[in-house]
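Engineer: Sharing a model that was predicted from the sequence below.
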Amino acid sequence: MSGEHDHLADNIRAIREARGLSQQQIAKAAGVPRATWTHLESGAANPTLTVLIKVANALQIRVDELLAAPRPPARHLRAAELPVRQRGQVTVRRLLPESLPGLDLERMTLPAGARMVGVPHTPGTREYLTVERGTVELVVSGERYTLAEGDVVTFRGDQRHSYHNPGSATATAYSVIAFAPVTS
């Protein structure tokens, strides 16, 4: 159990400091005496579940995160470690190693002349396309939009859409898909 206590003390202190709060401020927010908070951060406390719940709520995290082994401050992933798929000539690479609820972020590399048909999503989904390099033609429900570097088009993701690089050099674009909230 001493390992969990060590994690608890380290996690409470690190999260409080990351929030930019003093022990006094966070103890007040949690509804516990400052002395109790000091004991928690020193590892001297043997808190009840009620106190752990108050602490977790004040820090806006789950109780299990208080007891977990501390995570490193950052994670460096090489491009090759991110999921990549080919859609014809177009390379689509995810920008994040894990999914964010309701959101997809992807980088598309379109060789000269390449085309790709998008997949219509559920009603209420929004898509955003921005071009970093080159030119990309986006067709949404029969309407054509030519995007130059830095341009953005936002559209309903439940429509038929496709991408085309009309240029003579490779184009790079970023797609953000904000999925419709799931209703039960």
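Structural biologist: Received, thanks.
Engineer: contacts, neighbours, all on C-alpha from now
Structural biologist: OK.
Engineer: Give me the next element, helix or strand, following the worst-scoring helix or strand of the chain on mean pLDDT.
Structural biologist: Across the helices and strands of the chain, mean pLDDT, DSSP states H and E gives its lowest value to helix 2-18, namely a mean of 77. On the C-terminal side of helix 2-18, the nearest following helix or strand under DSSP states H and E is helix 23-30.
Engineer: List the contacts of that next one.
Structural biologist: Residues from elsewhere that reach helix 23-30, judged by C-alpha atoms under 8 Å, 6 or more residues apart in numbering: 16, 33-34, 37-38, 54-55, 57-59.
Engineer: Most widely separated two among those residues?
Structural biologist: T38 and N57 (17.2 Å; C-alpha to C-alpha).
Engineer: More neighbours: which of these two?
Structural biologist: Taking neighbours as other C-alpha atoms under 10 Å, T38 and N57 compare with T38 leading, 17 against 14.
Engineer: What separation do you get for the residue of the chain positioned farthest from its centre and G20?
Structural biologist: Most distant from the centre of the chain: A35, at 36.4 Å, with distances by C-alpha atoms, centre = their mean. Taking C-alpha to C-alpha, to the nearest Å as the measure, A35 and G20 are separated by 19 Å.
Engineer: Would you map out the domains in this structure?
Structural biologist: Domain ranges of the chain: 2-67, 79-178, per automatic domain parsing.
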